[in-house]
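[1] here you go, sequence then predicted model.
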Amino acid sequence: MKRLGVSGAFILIAATGAAGCAYYNAMWSAERHANDARHLERRGQVSEARSQWALAASKAEGVVTRHPRSRWADDALTLQAEGLARSGACENAAGSIARVRANVKDAALRERVELADAECALVAGHPIQAQAALALPLASKDEARRSRAEYLAGQAAAQRLDYDAAVQHFARSRETAARPARVRVLLSAGRPDEAAAALDALSGSAFETERTELLAQLAVVAGPDAAAKALDRMLGRARMPFQEQARLLASDADRWFARGDYEAAAARYRRAGLVAPAATNEAGAALVGMQRVLVGRATKRSDLVPIAAELTRLLRTEPGTSSAKPLLEIVTQVMAVPETPGARFRMAEMVRDSLGAQTLAGQLFLDLAAADTGSLYAPKALLAALAVLPERRDSLAAILDLRYAASPYTRAFHGEPSVAYAAAEDSLARELGVQVARAAILPAGARVDVPVPGPRGPRLEPEEERPARGGPARPRPRQPPRDRPAQPERP
């Protein structure tokens, strides 16, 4: 056998060392990306964490491909499966997971790959498969893996609608995402008091997004009063930036405004303005919110004049008040009196639906009905006013019965059969310039629902005629005439 010279041996040793160094660097880089991903997850930065997991999987794949028989090959293969699963690339993780299960004997690595498999099963909506994969890591001696397993088991239980089990799993987990997940499950289970108490634990910057979302969900489940009390406790206990405090207060004000409690909304907007740093979007939003409250309290058109002037000033001089522009545009439209009854009716609906000014909308509906008592709009306007002025329900219902007893709107209001109701709606729609489809003739004795005023009516572009994006409108196929029975000759 030919002997290597001194220089040949040196070259061989150098090449081996260089290969080992490159292998070590690749594995170290993969582990570093994985550690960065875990750190980002603890801070609540899920999207950034997924990017780091994807990089970890890519680096680990390089080690598996170039050094399949190295002492770190099993670690690299496990990290590849883990990184693919936790980055959201589950469709590519199945092969790596199967190879780890077939070839890797180390208990810690097997626990990690079972966690990856459970993660992908949850993404695919297979909670029973996820629960089966978690049997090994749930019994792990490693606290971090056991905590991760409890979090995934909570998600699996929530997907099965087993909320009690999900709450227990999330409570045992130390994962950052487990705390907001527990609040969501409590809300889904109809336990708002416990959910509100659990919200108190969401302190720190990691839960900035979740705080806004969960307070909104609590308001839906238990009402804005429960959300307001939870927010007050949170503001008293948790340290959070002033801008976030202002955003949470403004969101709470929006909920009170939507409910029609203008006093509570004004108090929240005012507090948000005091908390928000000067010249920020949050400070500007609070100023605009105060003007929204004034609009909501308006009872006549003249009340809108100073509001329009203040909105104009805010747009000109105050930063962060861009939301005042659409509000000012609607207020300006409402200040002008439309000429036709149809336009006045539409304007009253805009005041009700877009501005939230129920009292002003009710007055505009009443003005329309009083201006032309013989109009087809009059009974419809009275019904719309009745919905936004509940304190005048009896008197308005009496006017309907006295003046418009034969109107299809009055008959529908009392739940009586009315074949003419659909025809009246079509007639109004045509007067407004809205194209409508031919209504089907109701059979004799058919009953109709009580008309509910609100944002409804025929579409400006019916579904079958709406043009595709970038293309012309598709004409409706012409229907062949139906056979009709012979009609007697008219004299």
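    Sure thing, it's come through.

[2] Gly44 against Thr209, yeah?
    Yes: with contact defined as Cβ atoms under 8 Å, Gly44 counts as touching Thr209 (7.4 Å). To be clear about C-beta, it is placed using only N, CA and C from the backbone, and glycine gets the same treatment.

[3] more neighbours, these two?
    Neighbours per residue, other Cβ atoms under 10 Å: of Gly44 and Thr209, the larger number sits with Gly44, 19 against 11.

[4] what strand or helix carries the more buried one?
    Using DSSP states H and E, Gly44 sits in no helix or strand.

[5] tell me who's in contact with it.
    176-177, 205-210 (Cβ atoms under 8 Å, 6 or more residues apart in numbering).

[6] how many neighbouring residues does Met290 have?
    By other Cβ under 10 Å, the residues close to Met290 number 18.

[7] do the same with Asp353
    Neighbours of Asp353 under the rule other Cβ under 10 Å: 12.

[8] centre of the chain to stretch 56-70, how far?
    Counting by Cα atoms, centre = their mean, to the nearest Å, stretch 56-70 is centred 40 Å from the centre of its parent chain.

[9] and that stretch, which residues are buried?
    Of the residues in stretch 56-70, 56-64, 67, 70 count as buried by neighbour count, 16 or more other Cβ atoms under 10 Å.

[10] name the residues that touch it?
    Residues contacting stretch 56-70 (Cβ under 8 Å, 6+ apart): 23, 26-27, 29-31, 33-34, 37, 72-73, 76-77, 79-80, 82-84, 87, 89.

[11] distance check, the residue positioned nearest the centre of the chain against Ala144.
    Most central in the chain under Cα atoms, centre = their mean is Glu213, positioned 8.3 Å from the mean C-alpha point. Using Cβ to Cβ, to the nearest Å, we find Glu213 at a distance of 27 Å from Ala144.

[12] check Glu150 too.
    11 Å.

[13] neighbour-wise, which of the two wins?
    Legend: neighbour count by other Cβ under 10 Å for Glu150 and Ala144, higher for Glu150 (21 against 11).

[14] may I see the buried residues of the helix or strand containing the more buried one?
    Here Glu150, judged by DSSP H and E, is contained in helix 143-159. Within helix 143-159, the residues that count as buried by 16+ other Cβ under 10 Å are 145-159.

[15] quick one: least confident helix or strand in this protein?
    helix 6-42 (a mean of 64; mean pLDDT, DSSP states H and E).

[16] which SSE is immediately downstream of it?
    As assigned by DSSP H and E, the chain's next helix or strand after helix 6-42 is helix 46-66.

[17] which element follows that next one toward the C-terminus?
    helix 73-86.

[18] quick one: the helices in the stretch 301-450 of the chain, in order.
    Under the criterion DSSP state H, counting those that start in this stretch, the stretch 301-450 of the chain contains helices at 304-317, 324-335, 341-350, 358-371, 377-388, 393-403, 408-413, 420-431.

[19] which one of the ones you listed lies nearest to Leu136?
    helix 324-335 (55.9 Å; Cβ to Cβ).

[20] what mean pLDDT does the closest one get?
    Averaging pLDDT along helix 324-335 yields 94.

[21] check which residues of it are buried.
    Neighbour-count burial for helix 324-335 flags 324, 327-328, 330-331, 334 (criterion: 16+ other Cβ under 10 Å).

[22] check stretch 242-260 too.
    244-257.

[23] neighbouring contacts of it?
    Outside stretch 242-260, the residues that reach it (Cβ under 8 Å, 6+ apart) are 208, 211-212, 215-216, 219, 224, 227-228, 231, 234-235, 262, 264-269, 271-273, 275-277, 280, 282-283, 285-286, 289, 292-293, 296, 356, 358.

[24] filter the residues you listed down to the buried ones.
    Buried members of the contacts of stretch 242-260, scored by 16+ other Cβ under 10 Å, are 211, 215, 219, 224, 227-228, 231, 234-235, 262, 264-269, 271-273, 275-276, 282-283, 285-286, 289, 292-293, 296, 356, 358.

[25] before we move on, the earlier item: contacts for the helix holding Glu150 next, please.
    By Cβ under 8 Å, 6+ apart, helix 143-159 touches 108, 111-112, 115, 118-119, 121-122, 125, 127-128, 130-131, 134, 137-140, 163, 165-170, 172-175, 177-178, 181-182, 184-185, 188.

[26] inside strands: which ones of those?
    Assigned to strands by DSSP state E, none of these qualify.

[27] which of these are buried?
    Judged by 16+ other Cβ under 10 Å, buried ones among the contacts of helix 143-159: 111-112, 115, 118-119, 121-122, 127, 130-131, 134, 137-138, 140, 163, 165-170, 172-173, 175, 177-178, 181-182, 184-185, 188.

[28] quick check: phi and psi on the closest residue to Asp164 other than its chain neighbours?
    Distances taken as Cβ to Cβ, 6 or more residues apart in numbering place Ala189 nearest to Asp164, at 7.3 Å, with adjacent residues excluded. Main-chain torsions, Ala189, degrees, to the nearest 10: phi -80, psi 0.

[29] spit out the contact partners of Ala189.
    Ala189 is in contact with 163-164, 167, counting by Cβ under 8 Å, 6+ apart.

[30] now do the contacts for Gln131.
    Applying Cβ under 8 Å, 6+ apart to Gln131 gives the contacts 118, 153, 156-157.

[31] looking at those residues, which is nearest Ala369?
    Ala157 (56.4 Å).

[32] and the closest one, how close does it get to Ile307?
    Distance, Ala157 to Ile307, using Cβ to Cβ: 51 Å.

[33] over to Lys325?
    14 Å.

[34] what does Pro241 give?
    31 Å.

[35] who has more neighbours, the two?
    The neighbour count for Pro241 versus Ile307, taken as other Cβ under 10 Å, is higher for Ile307 (21 against 13).

[36] no further questions, thank you.
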